[in-house]
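Enquirer: missing the sequence, but the structure's below:
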């Protein structure tokens, strides 16, 4: 039986360069290089993959061991996507409010002919400007947002302050509806109007303003400049608990607003009454004012203050507040020194500069309870009264008809006075 046999190797020939083929070194080197690269790639892949898996497992283990520390990475586009989603969801609830009114139309009367000729430039001889009629014109614009399926809308009081004007609501589909004023807030710059007829609107999602954090994202939507509907601006919450004196509106005037949200999201004329939203698409404020002297400083009323207005307007058709009936100033170090007082906090009851600004309103709950000019209200129902917790701020959390205890400082003696709060509405 024949067998396949390997030829005998001549070791001397393998070891002798003289007998080796000339291209042997090149071929051998090439083979070794290819094999080395191949093995290196395989080794590197499994080695680094193992290290990566171990690192991921360590991170995951660390996260699971302490639930308060999260190593979750969110790509930069996540906030942008959230903003886009919020805008898409909220825009159907945001409306523009157009104010129209009959205004006089003037022409000129000429003594020579006695006829009425419309001459807007008054270039003819000695014309007398007279009213020749009236026409309906747009006199203002603002924003608002729907808070119920049957068409109740929350907006600013200064947007709808003209009782003689007509109000038209325009939604984001450019559909127009007539609206009427239901109630205005006597304290806050808030009002409720209602669309006539239709009752299948999409209400905005109301959030909670008590847990707002400085630095969180804020999104404002409104009818900027009364011309550009559903304009979006994005910023952050830049301050909380502000007190401002706001002026303007249809009829002018000013009012002091307390516990206001500050944001650097742009709020332009016409944005008033629109919503300020968080990244969850919840309304956290009602845009109301902007600083004329500063840049990127705007203000909104917290939605928590507006919720009670919505409930009252829908249930009883008006907005009312508890009423004490005192004129006061909050005491600080400066007032303490000027008035030579023994305390640097509390509400000092005092009259104004005119006769119609009494310290105690006639017939008010304060008068009935026996409060006097010069009294200092130190505490209201066991809550200390100071610049951060003013009397108006405290009272706003109560209801008409409630009886509370006041700690009062009268001529260096502390006394307790019971008072039953009255009702103050528009």
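Expert: Done, it's in. It should be emphasised that the depicted structure is a prediction, and the values quoted were computed from it without experimental measurement. Numbers count the residues shown, from 1 in each chain.
Enquirer: Break this protein into its domains for me.
Expert: 95-195, 209-319, 322-425 (automatic domain parsing).
Enquirer: what would the ones you listed look like in a markdown table with mean neighbour count, mean pLDDT and distance to residue 87?
Expert: All C-beta spots, glycine's among them, are computed from the backbone N, C-alpha and C. Below are the domains of the chain laid out as a markdown table (neighbours: other Cβ atoms under 10 Å; pLDDT from 0 to 100; distance: least, Cβ to Cβ, whole Å):
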| stretch | mean neighbour count | mean pLDDT | distance to residue 87 |
| --- | --- | --- | --- |
| domain 95-195 | 17 | 84 | 10 |
| domain 209-319 | 19 | 86 | 6 |
| domain 322-425 | 16 | 92 | 32 |
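Enquirer: can you redo those as a markdown table with distance to residue 78?
Expert: Shown next, in a markdown table, are those (distance: least, Cβ to Cβ, whole Å):
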| stretch | distance to residue 78 |
| --- | --- |
| domain 95-195 | 25 |
| domain 209-319 | 10 |
| domain 322-425 | 36 |
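Enquirer: Out of the ones you listed, which is closest to residue 32?
Expert: Among the domains of the chain, domain 209-319 comes nearest to residue 32, with 60.0 Å by Cβ to Cβ.
Enquirer: what distance separates the closest one from the centre of its chain?
Expert: Domain 209-319 has its C-alpha centroid displaced from the chain centroid by 5 Å (Cα atoms, centre = their mean, to the nearest Å).
Enquirer: ok, now stretch 95-107?
Expert: 29 Å.
Enquirer: coming back round to it: nearest to residue 85, of the domains of the chain?
Expert: Of all the domains of the chain, domain 209-319 sits nearest to residue 85, with 7.1 Å by Cβ to Cβ.
Enquirer: circling back to that earlier point, so which of the domains of the chain is nearest residue 37?
Expert: Using Cβ to Cβ, the nearest of those to residue 37 is domain 209-319, at 50.6 Å.
Enquirer: got the end-to-end distance for the closest one?
Expert: By Cα to Cα, to the nearest Å, the extent of domain 209-319 from end to end equals 20 Å.
Enquirer: Which one, of the domains of the chain, ends up nearest to residue 203?
Expert: With distances scored as Cβ to Cβ, the stretch of the domains of the chain nearest to residue 203 is domain 95-195 (5.1 Å).
Enquirer: Now the terminal residues of that closest one, how far apart.
Expert: Counting by Cα to Cα, you get 11 Å between the two ends of domain 95-195.
Enquirer: same thing with stretch 273-280?
Expert: 20 Å.
Enquirer: i'd like the first residue to be 832 from this point on
Expert: Taking 832 as the first residue, the last one we looked at is stretch 1104-1111.
Enquirer: returning to that earlier point: go through the domains of the chain and name the closest to residue 862.
Expert: Residue 862 lies closest, by Cβ to Cβ, to one member of the domains of the chain: domain 1040-1150, at 61.4 Å.
Enquirer: how close does the nearest residue to residue 1242 once chain neighbours are set aside get to residue 1220?
Expert: Nearest in space to residue 1242, with sequence neighbours left out and distances taken as Cβ to Cβ, 6 or more residues apart in numbering, is residue 1205 at 7.8 Å. Going from residue 1205 to residue 1220 by Cβ to Cβ, to the nearest Å gives 22 Å.
Enquirer: same check, this time on residue 1136
Expert: From residue 1136 across to residue 1220, the span is 15 Å (Cβ to Cβ).
Enquirer: Could I get the full set of helices for the stretch 1082-1231 of the chain?
Expert: Along the stretch 1082-1231 of the chain, the stretches classed as helices by DSSP state H, counting those that start in this stretch are 1134-1147, 1164-1170, 1196-1200, 1222-1226.
Enquirer: could those go into JSON lines alongside distance to residue 1087?
Expert: What follows is the helices of the stretch 1082-1231 of the chain, written out as JSON lines (distance: least, Cβ to Cβ, whole Å):
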{"stretch": "helix 1134-1147", "distance to residue 1087": "14"}
{"stretch": "helix 1164-1170", "distance to residue 1087": "17"}
{"stretch": "helix 1196-1200", "distance to residue 1087": "19"}
{"stretch": "helix 1222-1226", "distance to residue 1087": "8"}
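Enquirer: looking at these, which is closest to residue 1241?
Expert: helix 1196-1200 (12.6 Å).
Enquirer: what distance separates the start and the end of stretch 995-1005?
Expert: For stretch 995-1005, the first-to-last residue distance is 25 Å (Cα to Cα).
Enquirer: Centre of the chain to it, how far?
Expert: Per Cα atoms, centre = their mean, the centroid offset for stretch 995-1005 relative to its chain is 22 Å.
Enquirer: who's in contact with it?
Expert: 922-923, 925-932, 967, 970-971, 975, 984, 991, 1007-1012, 1024, 1026, 1060-1061, 1081 (Cβ atoms under 8 Å, 6 or more residues apart in numbering).
Enquirer: Check stretch 1189-1204 too.
Expert: 1154-1158, 1180-1183, 1205, 1208, 1237, 1239, 1241, 1248-1253.
Enquirer: again, but for stretch 1166-1184
Expert: 1157-1164, 1188-1191, 1197, 1202-1209, 1215-1218, 1221-1222, 1240, 1243.
Enquirer: and what of stretch 1247-1257?
Expert: Under the contact criterion Cβ under 8 Å, 6+ apart, stretch 1247-1257 has outside partners 1014-1018, 1149-1156, 1195-1197, 1199-1202, 1226, 1229-1239.
Enquirer: Check which helices and strands the helix or strand containing residue 913 sits against.
Expert: Assigned by DSSP states H and E, residue 913 belongs to helix 908-921. Packing partners of helix 908-921 (3 or more Cβ pairs under 8 Å, 6 or more residues apart in numbering; DSSP states H and E): strand 1048-1055, strand 1106-1108.
Enquirer: Downstream of the longest one, the next helix or strand is which one?
Expert: Beyond strand 1048-1055 in the direction of the C-terminus, DSSP H and E gives the next helix or strand as strand 1059-1078.
Enquirer: Compute the inter-axis angle for that next one and helix 908-921.
Expert: 90 degrees (axes from the mean of the first three to the mean of the last three Cα atoms, to 10 degrees).
Enquirer: Check which helices and strands strand 1059-1078 sits against.
Expert: Right, strand 1059-1078 is packed against strand 1048-1055, strand 1085-1094, strand 1114-1121, strand 1129-1133 by 3+ Cβ pairs under 8 Å, 6+ apart.
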